[in-house]
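Trainee: generate a structure from the sequence data that follows.
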Amino acid sequence: MSPEEGLPPRGRLAVAPDAPLVIAGLTSVLSRAVPELEVVCLRDVADSVGRVDMLLYDPQRHRAQEFERQARASAGMLLVAFSWSVRPDVVDDARREGAVAFFSKELSEDELGTAIRAVRAGHRNRFLVQPYIVPAPVVQARPGGLTEREYDVIELITQGLTNDEVAQRLFLSVNSVKSYIRSGYRKIGATRRSQAVLWGVQHGMDQRPGGPR
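Mentor: As a prediction, the model looks like this:
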């Protein structure tokens, strides 16, 4: 993977002090995520590692002011908060202390690499960078435990359609409609069409335009 156009061919990324296993794991991840950067690890906050382009630190372990020595040695060094906690107060404190971005530790390797490159390239449209999660579809429970098709059939029956008309509306065979009627009736405790219609009215099925969902 080659560096982005316009960036130095070999930058340096510093990692703030942490537990040895954490440092080892993070160094390995960063080396793969941004191979164009040399990853260096601070043994303590006063450690001198020379000029670096970016420093990742956990605001729940350190304060931004603790890295003044690195900031003086590296004019223009970007300070980036990197933490499991993205509570608003933690994020706001990091922003006030001079962090240019706040990365969630839940970012994947690829997401972390993309975020680091974006910040180095000057893209600061997002301060808090979190993983993108596809929202789960909202499934609305149907009354009586009816399936979607059972619900559609009873809804249309409630609105006065015959079995043939229901079949045409839902693009089903009449036999399929009768099967859904039998299973739906069992679930709502109806034995006759009039009982099913009454149940449907009680559940507002007569007030909706018919048709499948």
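Trainee: what's in contact with the lowest-mean-pLDDT helix or strand in the chain?
Mentor: Using mean pLDDT, DSSP states H and E, helix 68-73 stands out as the lowest-scoring helix or strand of the chain, at a mean of 80. For helix 68-73, contacts defined as CB atoms under 8 Å, 6 or more residues apart in numbering pick out 14, 42, 45-46, 48-52, 55, 77, 79. C-betas here are computed from N, CA, C, even on glycine.
Trainee: could you chop the chain up by domain?
Mentor: 11-129, 143-207 (automatic domain parsing).
Trainee: could you dump those domains into CSV and include mean neighbour count?
Mentor: Output for the domains of the chain, formatted as CSV (neighbours: other CB atoms under 10 Å):
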stretch, mean neighbour count
domain 11-129, 17
domain 143-207, 17
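Trainee: check the secondary structure at the closest residue to residue 44 other than its chain neighbours for me.
Mentor: Closest residue in space to residue 44, ignoring its immediate chain neighbours: residue 17 at 5.4 Å, by CB to CB, 6 or more residues apart in numbering. On the three-state scheme (DSSP: H, G, I helix; E, B strand; the rest coil), residue 17 is labelled coil.
Trainee: how about the helices of this structure, start to end?
Mentor: Here the chain has its helices, by DSSP state H, at 20-33, 68-73, 88-96, 109-120, 148-158, 163-170, 174-188, 193-202.
Trainee: for residue 192, give me phi and psi.
Mentor: The phi and psi values for residue 192, taken as degrees, to the nearest 10, are phi -130, psi 160.
Trainee: one step back: the contacts of helix 68-73 in strands, which ones?
Mentor: 14, 55, 79 (DSSP state E).
Trainee: quick one: the residue nearest to the last one when sequence neighbours are not counted and residue 111, what's the gap?
Mentor: Leaving out its chain neighbours, the residue that sits closest to residue 79 by CB to CB, 6+ apart is residue 99, at 5.1 Å. Distance, residue 99 to residue 111, using CB to CB, to the nearest Å: 18 Å.
Trainee: repeat that for residue 194.
Mentor: Distance, residue 194 to residue 111, by CB to CB: 59 Å.
Trainee: same deal with residue 167?
Mentor: 50 Å.
Trainee: which residues touch the residue nearest to residue 44?
Mentor: Residue 17 neighbours (CB under 8 Å, 6+ apart): 23, 41-45, 47, 61-62.
Trainee: flag the least confident of these.
Mentor: The lowest pLDDT within these belongs to residue 47, with 75.
Trainee: gap between the nearest residue to that one once chain neighbours are set aside and residue 120?
Mentor: Leaving aside its chain neighbours, residue 47 sits nearest to residue 17 (7.6 Å; criterion: CB to CB, 6+ apart). Note on residue 17: its distance to residue 120, by CB to CB, is 22 Å.
Trainee: cool, residue 103 as well?
Mentor: Distance of residue 103 to residue 120, given as CB to CB: 13 Å.
Trainee: off-centre distance for stretch 35-51?
Mentor: Taking CA atoms, centre = their mean, to the nearest Å, one finds stretch 35-51 lying 31 Å from the centre of the chain it belongs to.
Trainee: please read the previous query as pertaining to stretch 142-152.
Mentor: 30 Å.
Trainee: many thanks, I have nothing further to ask.
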